[in-house]
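[1] The sequence and its predicted three-dimensional model are supplied below.
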Amino acid sequence: MYILLGVVVAIPLFWDVVSQRIEVTRDVKGVYNTIENIPQDKIAILSIIWGAGTSAENRPQTQAIARHLFSRGIRIIVLPFDLQGTKLSYDAVEEVAKDMGKEYGKDWISTGWRPAYLDQIIQGMAGDLPATLKTDINGTKLDNFDKLPLMRGVKSARDIGIVVDFTPAGTISSWISFMGQTKNVPIAFSPTSVEVPAGYNLLDAKQICGMLPGLMGAAKYETLLNHRGFACRSSNALSTSHLLIIVLIIIGNLGYFFSIRAKNIQRR
Amino acid sequence: MATFFIPLQGTSLYLHIAGAIILGLLCLFALTKVPNKWRKPIVIGITFVAGWFYLVEFIIPSSNSMSPVRSSTIAAERLIRTSAHDLKVISERESRSSGNNDQRLARVRTSLNGAIIKLKVAESGLNEQKPIVDRQLEAELRRVASFKKTNNLSDKMVEFRELEEDFIKARNISSDLIITGGPKPKVVSSRQAKNIINWSESIYKASDDINEAILRIEETQAALRGRDADYEHLVAALTVGYTVTVIENGKPVIKQIPGATDAVANARRGTLDNFLTPYKEVIANLLVVVGSFAFGLGLYNLLKFHGKAIVKKQPGWYSGLAFYIAVFAMAMLGLLKTYADAPGVKNLTKTLYDITFSGGLTALQSTMFSLVAFYIVSAAYRSFRIKSGEAVIMMVAAFVVMLATVPVGMAMTQGLPAGSPFRLETIGDWILTVPNMAAQRGMQFGISVGGLAMALRIWLSLERGSFFDKQM
């Protein structure tokens, strides 16, 4: 059974056999439309809470969003709150930046790891972003506009066009409380699949502008961008693994029913 | 709260750090010597004060001088929202060609006029604050200049020059410059200076926001005088705002035009600071420091636990040895990678760090999470049995949602017309957005109320924990 799972997941990843149509849902479109309408003079913040464990889902999401933001010329600040996520997100965004000819310091920066005191950091950022975050990942001060021209004119929440929270945990409430509701900054939720059901509440209450539900959310976003990346290729692996689980559940239940029937016959 | 302006460096910086560490250790030592009966109330008191600050800062209103601005912006926002609602109703009725909208239109005009009056009252309140802030700015600038002169500071000190530039910039924004004399300062208060600059910027930005709101209202009034008002656009102009594409430097650029209510709300929020607000940053830094101590305490506990296991050769002591090797190896590699200067050492440690971090730690953590997939498959096969009607419903819903989210499920029903309620993705979306959302909301209410009760118990130190031998 384990070998079977390994095979059905691995084969679609290595061989892009079938290119299936991916239907884009309204939650993903919400994020896309919001980013399409961000004014050019505002920045985007990518809040990175993920680490190595959930990188399979969150990394493609991060790259898809970064790609869209770069294509629109929106400056990006990567704000990691996870130790591993600091390097992983830096590598992920750097890969997209190099692909799109974007420069560190001019088009995007990473602030380096921040301890996960989200509420305090977000409140501080809303009032004075450079003073709260102080330096980037290389130790360069954020008010050093020669090395970090991206930060020119970026002062507070008024200069933020969107915050996208990539998280395997329920950290979105901090962004909504201190940035979304109080400062009217659009918040997008990009969770792992486990957190997706809870995100529909926020979507319905319009506390978030949209959601990227897990790896399929990233695949749908790549479809909107007409870029067939890792997420689109992985959607086939997701399909086969889900089918396998369904088949195994059906086989297990059939076996259960037949064993019950056999016992009843024996009793008679 | 005055601080020495010159940034610490060199010997004095290290002396300050050493002094802070000694002071911290003395505080801990003093706490251990305090009698038991006083120790718990002290800890309770400190915990209470830490939680109290944010609560009180949120509740306390801004100064009385801002109260006309606050109340006027609240009234203006209410009038604008009423107008927007009325315009929406007018639009719906006109599309159905039903009813006479003259009375409602008259109400819209009255509300919008009233909103402009309220906003002008708010603006005059802000204008009253400007000279006060300008005086403070000018006084700080004079203190900076005097401090610079008396201490023969070099112009090459970047932080000093930047702060001076901030003052000059803030002063130049003001149109009412009032010069006052003052006593010769001995120190320059950098935090107070930042507070004054922030306050000045917030007042001027609030003025801009109010003017923006007035512009939206006047645009709406002009449109209503015309024959073919686009009610949808007017509602957006009054509430959420809209986007326009302009040509800048030959390129189309999207600009966001804020709605009137958004602008008014921003103006009000910008002036809500009270006397505790400047200290939020200080408290946030303190919390980060205290949290870092918790990290150190956790590491100490782990070292102690595993060290005991190794020394006493308890079963599984080799895991403790692996822990020690891993902790010190990663710590040394990280420190050498950052601080080593010799090129050979730096390159070697960077390579080893990348191997241990990316190749080792990251890969192992991904592997641990990947095992979850196998557990799920195993659990689904062995234990997911249909033994009741509810289990049938749950299984069907699970199958539908699982298939609806993947391309193969979407492909199963792609022959049906787009928008058909029988497509798998439509059914899956309904399951997630209707019954799931209702259940999630119920759970969220319960979790939030329970969390609030638990937080209150912890804040008031009523919760039994390892430090307390009995409940207070």
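    Sure thing, it's come through.

[2] who are the neighbours in contact with residue B:413?
    For residue B:413, the contacting residues are B:420, B:422-425, by C-beta atoms under 8 Å, 6 or more residues apart in numbering or on different chains. C-betas here are computed from N, CA, C, even on glycine.

[3] again, only using 7 Å
    B:422-424 (C-beta atoms under 7 Å, 6 or more residues apart in numbering or on different chains).

[4] what helices or strands is the host helix or strand of residue B:139 leaning on?
    Per DSSP states H and E: residue B:139 is located in helix B:102-150. Counting contacts by 3 or more C-beta pairs under 7 Å, 6 or more residues apart in numbering or on different chains; DSSP states H and E, helix B:102-150 is packed against helix B:67-95, helix B:158-173, helix B:190-225.

[5] could the ones you listed go into TSV alongside mean neighbour count, distance to residue A:261 and mean pLDDT?
    TSV is the format used below for the helices and strands packed on helix B:102-150 (neighbours: other C-beta atoms under 10 Å in any protein chain shown; distance: least, C-beta to C-beta, whole Å; pLDDT from 0 to 100):
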stretch	mean neighbour count	distance to residue A:261	mean pLDDT
helix B:67-95	19	61	88
helix B:158-173	16	82	53
helix B:190-225	19	73	82
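
[6] could you redo those helices as TSV and give each row distance to chain A?
    Shown next, in TSV, are the helices and strands packed on helix B:102-150 (distance: least, C-beta to the nearest C-beta, whole Å):
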stretch	distance to chain A
helix B:67-95	13
helix B:158-173	7
helix B:190-225	7
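
[7] can you redo the ones you listed as JSON lines with distance to residue A:11?
    Listed next are the helices and strands packed on helix B:102-150 as JSON lines, based on distance: least, C-beta to C-beta, whole Å:
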{"stretch": "helix B:67-95", "distance to residue A:11": "54"}
{"stretch": "helix B:158-173", "distance to residue A:11": "58"}
{"stretch": "helix B:190-225", "distance to residue A:11": "57"}
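
[8] Which residues does stretch A:243-263 contact?
    With C-beta under 7 Å, 6+ apart as the test, stretch A:243-263 has contacts from A:4-5, A:8, B:377, B:380-382, B:384-386, B:399, B:402, B:408.

[9] Repeat the analysis, applying 6 Å as the threshold.
    A:8, B:380-381, B:384-386, B:399 (C-beta atoms under 6 Å, 6 or more residues apart in numbering or on different chains).

[10] Show only the entries of those found in helices.
    Counting by DSSP state H, the contacts of stretch A:243-263 place A:8, B:380-381, B:399 in helices.

[11] Show me which of the contacts of stretch A:243-263 are buried.
    By neighbour count, with 16 or more other C-beta atoms under 10 Å in any protein chain shown, the contacts of stretch A:243-263 hold A:8, B:380-381, B:384, B:386, B:399 as buried.

[12] Go through the residues you listed and name the one nearest residue B:335.
    For those, the residue nearest residue B:335 by C-beta to C-beta is residue A:8; the value is 44.6 Å.

[13] what's near enough to touch the closest one?
    Contacts for residue A:8 (C-beta under 6 Å, 6+ apart) come out as A:240-241, A:244.
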